[in-house]
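*Asks:* Sharing a model that was predicted from the sequence below.
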Amino acid sequence: MFINIHELEFNPLDFAEEFQPGSVDLVPDVRLNAVLKSSGRAQVVAERHGKHETLLDIRLTGKFSTSVETICARCLEPVVTAVGRDFDLLYRPQGADAGKEEMSVTDAEAEIGYYQGDGLELVDVLREQILLALPLKMICREDCKGLCPICGRNWNQGPCDCKAKAADPRWAALKDIRKQLEH
C-alpha cells in the first residue's frame, strides 16, 4: 500500500492491511512465520521550516503483530517468536534538512524518518518496525548450551567427545598466581 502525500492533504488515511508470509522480505535468516497484521492512520502534519517554507510531513500511528522465524545465536536451531508493537512515526521529505550547518540533533529529531518522492510504502515501514522489535540475538531458550567449537555438535542434544583445547602458554604465569591465591 502506497501512502501518497498529496492524497493525505485532503483526508487522513485509515489502514488495515495484512501481508502473507513470504510476501515481505526481511533480512537473511529472518522470515515471517504468520500473517503480518497492521492497522492505523496516516495523516499530514504541516511544519514551519524557516520563515516562508512549510514542510508536509507524514505521521503514521498504528500497530502491527506477526510471528517470525530466525535461528538461535548459540545453537543455530530455528526459533519462532511473536512480534508486535504500537508505533507513532514522523516522516519528512528527503533533503528537507540538507544544507543546514552542522549542529547537534535533539532526541525528537533523531526519531524522524524521511520519504522520497510523493510518499512511502507501508510495507517498508512495517519491515523496519519488525526488525527494530527483534532482540539483537535470539536464543532458543535461556539455558541453551550452544555448539562445540571443535566438532560443531549441538550441546543441547548431549556432550561430545572432543578434548578441551590446551591452554595458551602465555597465560601460565597468571594461572600460577591464581593457584597461589586459592591456597
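*Replies:* Received, thanks.
*Asks:* Can you identify the element that follows the one helix or strand in the chain whose mean pLDDT sits lowest toward the C-terminus?
*Replies:* Sorted by mean pLDDT, DSSP states H and E, the helices and strands of the chain end with helix 107-110, the least confident at a mean of 61. Per DSSP states H and E, the first helix or strand lying C-terminal to helix 107-110 is strand 112-115.
*Asks:* Can you give me the buried ones in that following strand?
*Replies:* The neighbour-count check on strand 112-115 (16 or more other Cβ atoms under 10 Å) flags G113, Y115 as buried. (Each C-beta comes from the backbone N, C-alpha and C, glycine too.)
*Asks:* switch to numbering from 646
*Replies:* Got it, first residue is 646 now, which makes that one strand 757-760.
*Asks:* Quickly run through the sheet partners of that strand, with directions.
*Replies:* Strand 757-760 has its sheet partners listed here by DSSP bridges as strand 723-738 (parallel).
*Asks:* Only the buried residues of the partner strand, if you could.
*Replies:* Neighbour-count burial for strand 723-738 flags V724, V728, F732, L734, L735, Y736, R737, P738 (criterion: 16+ other Cβ under 10 Å).
*Asks:* ok, the last one - contacts?
*Replies:* Contacts here follow Cβ atoms under 8 Å, 6 or more residues apart in numbering; on that basis P738 touches L700, L701, D702, Y759, Y760.
*Asks:* I'd say the second one and R693 touch.
*Replies:* No. Shown here, L701 and R693 do not form a contact pair, counting by Cβ atoms under 8 Å, at 11.6 Å.
*Asks:* more neighbours, these two?
*Replies:* Between L701 and R693, counted using other Cβ atoms under 10 Å, the more crowded position is L701 (17 against 9).
*Asks:* export the helix or strand containing the more buried one as PDB, just CAs?
*Replies:* Taking DSSP H and E as the definition, one finds L701 inside strand 698-716. Output for strand 698-716, consisting of C-alpha atoms alone and laid out as PDB, is shown next (Å, rounded to 0.1, in the frame of the first residue of the first chain):
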ATOM      1  CA  GLU A 698       8.600  27.500   3.900                       C
ATOM      2  CA  THR A 699       6.100  24.800   5.100                       C
ATOM      3  CA  LEU A 700       7.000  21.100   5.000                       C
ATOM      4  CA  LEU A 701       4.400  18.400   4.700                       C
ATOM      5  CA  ASP A 702       5.400  15.600   7.000                       C
ATOM      6  CA  ILE A 703       3.700  12.200   7.100                       C
ATOM      7  CA  ARG A 704       2.700  11.000  10.600                       C
ATOM      8  CA  LEU A 705       1.900   7.200  10.900                       C
ATOM      9  CA  THR A 706       0.300   5.900  14.000                       C
ATOM     10  CA  GLY A 707      -0.800   2.300  14.400                       C
ATOM     11  CA  LYS A 708       0.200  -1.200  15.500                       C
ATOM     12  CA  PHE A 709       1.300  -4.500  14.000                       C
ATOM     13  CA  SER A 710       1.500  -8.100  15.000                       C
ATOM     14  CA  THR A 711       3.100 -11.200  13.500                       C
ATOM     15  CA  SER A 712       5.400 -14.100  14.200                       C
ATOM     16  CA  VAL A 713       8.900 -14.500  12.800                       C
ATOM     17  CA  GLU A 714      11.300 -17.400  12.500                       C
ATOM     18  CA  THR A 715      15.000 -17.000  12.900                       C
ATOM     19  CA  ILE A 716      17.900 -19.000  14.100                       C
END
